[in-house]
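Asker: quick one, fold the following:
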Amino acid sequence: MPPAAESSAGTPRGRAAGRRAGLLLDIGGVVHRTGIHLVGRLADHEPAMKPVLDRIGGIASDRDELWQQVMRHQVTEREYWARRAAELGAALGQTWDTRILMDRFYELPEQEWLCAGTVELMTDAKAAGLRVGALTNDMTAFHGPEWIARQEHLKLFDVIVDASLTGVMKPDPAAFRGGIEALGLPAEQIVFLDDMPWNVDGARQAGMTAVRVPWDDPAPAIDTARDLLGLGPRSR
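Answerer: As a prediction, this is how the structure comes out:
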C-alpha cells in the first residue's frame, strides 16, 4: 500500500482537497540514492572497506550505533558521514572527508544512484505545468558546485533551496518556509517528498502534503505523489 500522505492536520488528503500545483523534493534519498544504498556497491570495488562495514554492522542498520545517534538527534547527518568517510578512507590508507567519499559514491554508474522513478515524476510534473523545486540540506556541501553543474537532471528544477548555502537546515520550520516561498505557491498546493521522518513531520506542520520515501523501496511513495498531483501511473 502506498505511504499515507497527510496535511498539517494529520488527515489523509487526496485530489478532493484541491488542486495541487507544485512538487518539492529532498535530494539525497529521493532524487539520488544515498550512501546507505551505495556503500555496499563501492565496497565491491574496494574490498578493504568490507571489514569496516562488518565492524559497524552495516551502514544505517540497527547495529550501526552512530546512525542510531543520528536517529535520536544526538549526531547530525553531516557528522555521521564525516566520521564514516574518515573510517572508510583509512581502510584504503587514505585521508577522506565527506566530499571525497561522496565523489567515490557518485563515480559509480548513474543507474546505480539516480532514482529513475523520481526523475520521471519530475519530468511529468514539468510537462503538466507544475512547479518543481528541491529543498535539500547538504547537496553543495556533499558534492560541490562543479558536480552539481554537470547534472542534467537537476536542470528540471525550477528552484533549488540548499541549506549548504542558506544555512537553514530541515527540520527548522524556517527551512520549509523558504522552500514554500521559493516555489511561489501556497503550502497546501505543494506535495513534498523526503526520506527522513522528522522532515516529513516538519513539512506537514508547514501545511504541505508530505510523503515519506523509504530507502529500500521508493516506488510506492512516488506512486502516491503521482496520484496526489494527478499525473497518472508510471510508465514502468
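Asker: assign residue 133 to helix, strand or coil.
Answerer: strand (DSSP: H, G, I helix; E, B strand; the rest coil).
Asker: report the buried residues of the longest helix along the chain.
Answerer: As assigned by DSSP state H, the longest helix anywhere in the chain is helix 77-91. Across helix 77-91, burial judged by 16 or more other Cβ atoms under 10 Å covers 77, 78, 80, 81, 82, 84, 85, 86, 87, 88, 89, 91. C-betas here are computed from N, CA, C, even on glycine.
Asker: which of those lies closest to residue 126?
Answerer: Nearest to residue 126 among those: residue 77, at 28.7 Å, using Cβ to Cβ.
Asker: how far away is the closest one from residue 28?
Answerer: Separation of residue 77 from residue 28 (Cβ to Cβ, to the nearest Å) stands at 9 Å.
Asker: anything in contact with each of those two?
Answerer: Shared contacts of residue 77 and residue 28, defined by Cβ atoms under 8 Å, 6 or more residues apart in numbering, comprise residue 138.
Asker: quick one on the thing from earlier: state the mean pLDDT of the longest helix of the chain.
Answerer: Taken as a whole, helix 77-91 carries a mean pLDDT of 97.
Asker: tell me what it is packed against?
Answerer: Here helix 77-91 touches helix 35-45, helix 50-56, helix 65-71, helix 98-105, going by 3 or more Cβ pairs under 8 Å, 6 or more residues apart in numbering; DSSP states H and E.
Asker: where's the residue of the chain most remote from its centre, which helix or strand?
Answerer: Most distant residue from the mean C-alpha position of the chain: residue 93, 30.4 Å away (Cα atoms, centre = their mean). Residue 93 is part of no helix or strand when elements are defined by DSSP states H and E.
Asker: next one: residue 191
Answerer: For residue 191, the host element (DSSP H and E) is strand 190-194.
Asker: which residues touch that strand?
Answerer: The contact list for strand 190-194 (Cβ under 8 Å, 6+ apart) reads 5, 20-26, 29-30, 118, 135, 170, 179-180, 183, 200, 203, 208-213, 221-222, 225, 228-229.
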